[in-house]
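In: structure for the following, please:
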Amino acid sequence: MTEPAAELKAITFDLDDTLWDNHGVMLKTEQGHYQWLLSALNEWRSKRGEAALAIEQEAGLADYLAKRQALAKATPARRGDFTWLRLRALEAQLEESGLDRSAAILWAAAAMNEFHRLRVQVTPHPEAFELLEALGQRFHLAAITNGNIHLRRQPLAAYFPIAVAAGELFTPKPDPSAFLNVLERLNVAPECAMHVGDSWEEDVLPASRLGMHAVWIAGDADRELPSRVYRLSHVRELPALIARLENALG
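Out: Below is the predicted model:
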């Protein structure tokens, strides 16, 4: 293991699939907010004496996804701003289905409120609270995510005085801008910081290129690791890694 070059002062964390399992929540959120939209919207139309929209759940979701993908391609600066992409895609779909512009905007916004209500219902790994509590007593902590979870509505937010949604800054990872933004706000040099995340491309590579320590939460995955990059199966193993690094530093 390569010895660290400087004292560790800050640790930044990815969120989804690093501090919690995100797959089940996203599936529930994707299906749930769209089902809510169709049900609430058609109930509203029925009370107004209007016919239900000719949108079915499965086909509507597929069209919704296609519209998001097309928007991301057409507006590359917004490719990581998932809330904006969802809003615009829903507005376009609802207008195509017969709603006027103002109603489409209102109902798309309502659907996104439901999306965020469901999206925040993640279950952090059981060790996450104790882990962050202990680390926060020794290091500056921050979150850097490409996701659009409203972290302030999640209990783990208390451990992250700085939290950056990189896509909303128009600089989604692997763009290094979000990392540099956080390091500047923490007043910590890259070589004195560590980033922890599950994505090789979006977490490990940009952090490593800046000179940060990089921890890859990779489960059973494996590959050759560059200097100052470490693979862990689970975030619970992080304290032991830090202890080894500090012992190497002497």
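
In: can you tell me how far V229 is from E127?
Out: Between V229 and E127 the computed distance is 22 Å (Cβ to Cβ, to the nearest Å). For every residue, glycine as well, the C-beta is placed using N, CA and C.

In: who has more neighbours, the two?
Out: V229 (19 against 15; other Cβ atoms under 10 Å).

In: enumerate every residue touching the more buried one.
Out: V229 is in contact with V204, S208, H213, A214, V215, W216, counting by Cβ atoms under 8 Å, 6 or more residues apart in numbering.

In: following the chain onward from the helix or strand hosting the fourth one, which element is next?
Out: Meaning A214. Element membership of A214, judged by DSSP states H and E, is strand 213-217. Sequence order places strand 229-232 as the next helix or strand after strand 213-217, per DSSP H and E.

In: want to throw the contacts of V229 into JSON lines with neighbour count and distance to N42?
Out: Below are these laid out as JSON lines (neighbours: other Cβ atoms under 10 Å; distance: Cβ to Cβ, whole Å):
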{"residue": "V204", "neighbour count": "28", "distance to N42": "46"}
{"residue": "S208", "neighbour count": "20", "distance to N42": "50"}
{"residue": "H213", "neighbour count": "26", "distance to N42": "52"}
{"residue": "A214", "neighbour count": "25", "distance to N42": "48"}
{"residue": "V215", "neighbour count": "28", "distance to N42": "47"}
{"residue": "W216", "neighbour count": "25", "distance to N42": "46"}
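
In: chain neighbours aside, what residue packs nearest to L99?
Out: Excluding the flanking residues, the one nearest L99 by Cβ to Cβ, 6 or more residues apart in numbering is W107, at 6.8 Å.

In: residue ranges in this protein under the pLDDT threshold?
Out: Applying pLDDT under 70 to the chain picks out residues 1-5, 250.

In: looking at it, which residue lies furthest from center?
Out: Here the chain reaches farthest from its C-alpha mean at G49, the gap being 40.9 Å by Cα atoms, centre = their mean.

In: phi first, then psi, for that residue.
Out: Torsion angles at G49 (phi, psi; degrees, to the nearest 10) stand at phi 80, psi 20.

In: so what's it up against?
Out: Applying Cβ under 8 Å, 6+ apart to G49 gives no contacts.

In: would you map the helices across this structure?
Out: Using DSSP state H, the helices of the chain run over 23-47, 57-74, 82-96, 101-119, 128-136, 177-186, 205-210, 238-249.

In: I'd say A103 and L90 touch.
Out: No - with contact defined as Cβ atoms under 8 Å, A103 does not reach L90; the gap is 11.8 Å.

In: just to check, L53 is in contact with E95?
Out: No - if you go by Cβ under 8 Å, L53 and E95 don't touch, sitting 11.2 Å apart.

In: one step back: which one of the helices of the chain lies closest to A158?
Out: Checking the helices of the chain against A158 by Cβ to Cβ gives helix 128-136 as the closest, at 8.5 Å.

In: so which bits of that closest one are buried?
Out: For helix 128-136, a neighbour-count test (16 or more other Cβ atoms under 10 Å) marks A128, L131, L132, L135 as buried.

In: name the residues that touch it?
Out: For helix 128-136, the external contacting residues (Cβ under 8 Å, 6+ apart) are I11, L19, W20, L141, P155, L156, Y159, V235, R236, L238, P239.
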